[in-house]
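Engineer: only geometry, no sequence info:
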DNA sequence: ACAATATTTGAACATATATTCATATAATAT
DNA sequence: ATATTATATGAATATATGTTCAAATATTGT
């Protein structure tokens, strides 16, 4: 199963190697490297996707979207519910809004926030399953 | 539709309000706050879930797991494929390993990394759909 | 116009973190 | 044992980021 091992070249660690220039880089499976480079997701997509995961990767923001998953809420209610400053909530809501993960609706002076992206709900559902199974398996 | 608006109390911003002490916090919909508090996901689960999203929220780590989604790979191949230092890859693989998102298999001196969590693949698939639809909708 | 409320925003500070460099460990071969 | 290879790790540095505080908007009511 390891018969396709081709030792091509050997060098110490060298940062700053351009994407297209493989010469001088240590690698073991040239075929796998070539294939994975072909299939690689373009950088701008990686950046966007990473941004989405990152924005969900903060406990405060995650609590906010988890709350909004259940119901529409205004800023001060969110703050009260989560035990946070309204300013902190507003700052995080802006980040969520910048990525179009939440939208808002004005009613007088009150702004009601809700989820704006179907994918987010999916991600949160899978995430929930994940931690619940973790609880039962490794807890 | 906004008839259940109950204005209870009004105060300037006050941080450090304990989770159980609502008195003195500005809120508009007391019922929603109470309900969302009841349904709130426990903190330790939020922390775990946020950690998982966060670890996927870095471009380098996201590239790594996206690559591993397609095939098993060793460190130096990953480094060559992604144009990174082996050290940088190794550091990030450790973070992914700490959260049990990837596992490794030794064959001689070579360590082969692969995905370790079914949920991760799901998250990545949904994420892919997300950015692809974004491309077609807003691009 | 003025006051009050709900939310937003910018600056500042403290903390987290990704990469680099140098070094250490683990496995293999001579 | 020694050398070589593959990977891991610790310290350092530069950058990113979350919260707070103070002040600015926006909306409504008087």
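Structural biologist: That came in fine, so what should we check first? Because the structure is predicted, anything quoted here is derived from the model rather than measured.
Engineer: pLDDT on stretch A:83-102, on average?
Structural biologist: Mean pLDDT, stretch A:83-102: 98.
Engineer: close to DNA strand C, is it?
Structural biologist: Yes: applying Cβ under 7 Å from any atom of the strand, one finds stretch A:83-102 in contact with DNA strand C at A:86, A:87, A:89, A:90, A:91, A:93, A:94. Placement of C-beta: from N, CA and C, glycine included.
Engineer: And those, which of them are buried?
Structural biologist: A:86, A:89, A:90, A:93 (16 or more other Cβ atoms under 10 Å in any protein chain shown).
Engineer: give the contact list for the first one.
Structural biologist: Spelled out, that is residue A:86. A:75, A:76, A:79, B:13, B:26 (Cβ atoms under 8 Å, 6 or more residues apart in numbering or on different chains).
Engineer: Would you format the residues you listed as TSV with distance to DNA strand D included?
Structural biologist: As requested, the contacts of residue A:86 are exported to TSV (distance: Cβ to the nearest atom of the strand, whole Å):
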residue	distance to DNA strand D
A:75	11
A:76	13
A:79	9
B:13	7
B:26	13
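Engineer: any chance of the residues of stretch A:83-102 next to DNA strand C in a markdown table, with distance to residue B:127 too?
Structural biologist: A markdown table is the format used below for the residues of stretch A:83-102 next to DNA strand C (distance: Cβ to Cβ, whole Å):
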| residue | distance to residue B:127 |
| --- | --- |
| A:86 | 31 |
| A:87 | 30 |
| A:89 | 26 |
| A:90 | 27 |
| A:91 | 24 |
| A:93 | 22 |
| A:94 | 22 |
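Engineer: Quickly list the domain ranges of chain A.
Structural biologist: Domains of chain A are assigned by automatic domain parsing as A:1-40, A:47-137.
Engineer: For the ones you listed, state which one has the densest average packing.
Structural biologist: domain A:47-137 (a mean of 18; mean count of other Cβ atoms under 10 Å in any protein chain shown).
Engineer: to the chain's geometric centre, what's the distance from it?
Structural biologist: Distance, stretch centre to chain centre, for domain A:47-137: 13 Å (Cα atoms, centre = their mean, to the nearest Å).
Engineer: still on that earlier bit, just the contacts of residue A:86: which are in helices?
Structural biologist: If you go by DSSP state H, the contacts of residue A:86 have A:75, A:76, A:79 in helices.
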